[in-house]
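Peer 1: okay, sequence plus prediction incoming.
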Amino acid sequence: MAAIAASLILMASDVPVRAADTVTADDTAKFLAGMRPSFGSPLAALTSDPSWQRHARFFDSAFAQLDQRQLSRIRAWADANLAAPKSTMFYMFSGPDFLYANAFYSKATTYVLSALEPPGTVPDLSKVQRGAVVAALNNVERSLSSILSFSFFITKQMKTDLNAGQISGTLPILYVFLARSGKTIRSVTPATLDETGALHLANEDAGKSPTRGIRITFVGDDGVEKTLYYFSTDLSNSGVKSSGFLQFCATLAPGNSLLKSASYLLHSGNFTTVRNFILANSATIIQDDSGIPLAYYSQKQWRLFPFGRYAGPISKFPSAYQPRYAELFRRAQPIDFGIGYRWRTFETNLLLSVRTNPDEPLTADTTSVAEPPSERPPSPHPKKPPRPPMPIEPQRGGGGLFWFGWGR
């Protein structure tokens, strides 16, 4: 056990080293994703193991189906509906969901993702016992079961799976999604933010940094180098007060925002700070109804484009029903993919909000609400949709509705 523990290293260097006996982050990402690592990698020999080959076949099939059913259609929708996107995209309450961040905003060059879960670590798998490697592959599969089916994470299930072995946190999932999105990882570096929002990398002294994360640089087929930040942070009003996270995001603003399967937290008075930040610093916002309530979009500064059908919140959140949202979606355009908690295409809602002047700061009198929250009528209680099948073996599924970073 001591030898295994000693092999746990975070492969994090601004300048990745390549040698015959060195495993790069990109090789590890491909291996975890069921894709062959580079020729000469120490991980190449492990791909002859029947467990890895089964893992590779499973992911080949699962990601091919997901791309056909959702991701390719999201990319087509984004190409048709998003004009001149900003270089930065913000994805609050995201967990490690780079997959959908990239599908909606493939032209971004900086991605900022955030949730409660820590970045975690990934071992040098070439130095880990075979049984531990097999367990790691199985845990990655189980942790991705819900997002491969429904487009959101089940937190309780993922936390159990990714803390059961030698890999942990969000980093291994980010690796899988980057690799399966056709990206080549160039560097992975631990990152922290101080209270002012200043970024500190690797071993830089950040003092008692309240916010820890990871910075990943990567390239796609076009050869453009891009940056992905993931930060473990509390986005509630009390959490963002001293985390420095929003101050850091402000240095990259304005950007585009994605809100999906966010547990309706932005409907709460305990998340007003991050809600106001998103509204003030986004040129476009793509969301389902679990994002920002329609009441907070100024009619003077936002143009709203509804897609799909508003069937109301799922039964776990009956108080989140929005009459104005329902009224808006009576003129919605059709959509050919599912997203969010209402993941079935025929009941999915997607709202694209476009700032009329992204460079004009929001002021108090331009954030007037169309429907004051205190005056919302009582919500109906829509029927809970039937429990869908899981793409992984049924006995591996988690129970209950818990979402990444917030469900408890």
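Peer 2: On my side now, so go ahead.
Peer 1: now Asp60: closest residue in space that isn't a chain neighbour?
Peer 2: For Asp60, ignoring the flanking residues on the chain, the nearest one in space by CB to CB, 6 or more residues apart in numbering is Gly34 at 6.4 Å. No exception for glycine: its C-beta is placed from N, CA and C like everyone else's.
Peer 1: try Tyr297
Peer 2: That would be Ser353: by CB to CB, 6+ apart, it lies 6.1 Å from Tyr297.
Peer 1: do you know how far the one you found is from Tyr325?
Peer 2: 12 Å (CB to CB, to the nearest Å).
Peer 1: in three-state terms, label the residue nearest to Asp60 for me.
Peer 2: Put simply, Gly34 is coil when judged by DSSP: H, G, I helix; E, B strand; the rest coil.
Peer 1: OK, contacts around it?
Peer 2: The contact partners of Gly34, taken as CB atoms under 8 Å, 6 or more residues apart in numbering, are Trp52, His55, Ala56, Arg57, Phe58, Phe59, Asp60.
Peer 1: the last one in helix, strand or coil?
Peer 2: Here Asp60 takes the helix state, with states given by three-state DSSP.
Peer 1: Lys107 and Pro85 touch, don't they?
Peer 2: Yes: assessed by CB atoms under 8 Å, Lys107 is found in contact with Pro85 at 5.3 Å.
Peer 1: now for Asp60, how many residues are close by?
Peer 2: 14 (other CB atoms under 10 Å).
Peer 1: closest one to Leu199 out of the contacts of Gly34, please.
Peer 2: Top of the list for closeness to Leu199, among those and by CB to CB, is Phe59 at 32.9 Å.
Peer 1: I'd say the closest one and Ala179 touch.
Peer 2: No: using CB under 8 Å, Phe59 is not in contact with Ala179, being 9.5 Å away.
Peer 1: returning to that earlier point: and the contacts of Gly34, which two are furthest apart?
Peer 2: Most distant of the contacts of Gly34, by CB to CB, are Trp52 and Asp60, 12.3 Å apart.
Peer 1: what about Leu174, which SS state?
Peer 2: helix.
Peer 1: nearest residue to it in space, please, no chain neighbours.
Peer 2: Nearest non-adjacent residue to Leu174, counting by CB to CB, 6+ apart: Pro96, 4.6 Å away.
Peer 1: count residues in the vicinity of the one you found, would you?
Peer 2: Per other CB under 10 Å, the neighbour tally for Pro96 reads 32.
Peer 1: for it, pull up the helix or strand it's in.
Peer 2: Using DSSP states H and E, Pro96 sits within no helix or strand.
Peer 1: which residues touch Arg36?
Peer 2: Contacts of Arg36 by CB under 8 Å, 6+ apart are Lys30, Ala44, Thr47.
Peer 1: what about the second one, distance to Ser72?
Peer 2: Taking CB to CB as the measure, Ala44 and Ser72 are separated by 30 Å.
Peer 1: ok, back up a step: separate out the buried members of the contacts of Gly34.
Peer 2: By neighbour count, with 16 or more other CB atoms under 10 Å, the contacts of Gly34 hold Trp52, His55, Ala56, Phe58, Phe59 as buried.
Peer 1: what comes up buried for stretch 319-330?
Peer 2: Ala320, Tyr321, Gln322, Tyr325, Ala326, Leu328, Phe329.
Peer 1: please produce a markdown table containing the residues you listed, extended by distance to Val224 and pLDDT.
Peer 2: Shown next, in a markdown table, are these (distance: CB to CB, whole Å; pLDDT from 0 to 100):
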| residue | distance to Val224 | pLDDT |
| --- | --- | --- |
| Ala320 | 39 | 93 |
| Tyr321 | 42 | 95 |
| Gln322 | 39 | 96 |
| Tyr325 | 37 | 95 |
| Ala326 | 41 | 96 |
| Leu328 | 36 | 97 |
| Phe329 | 36 | 97 |
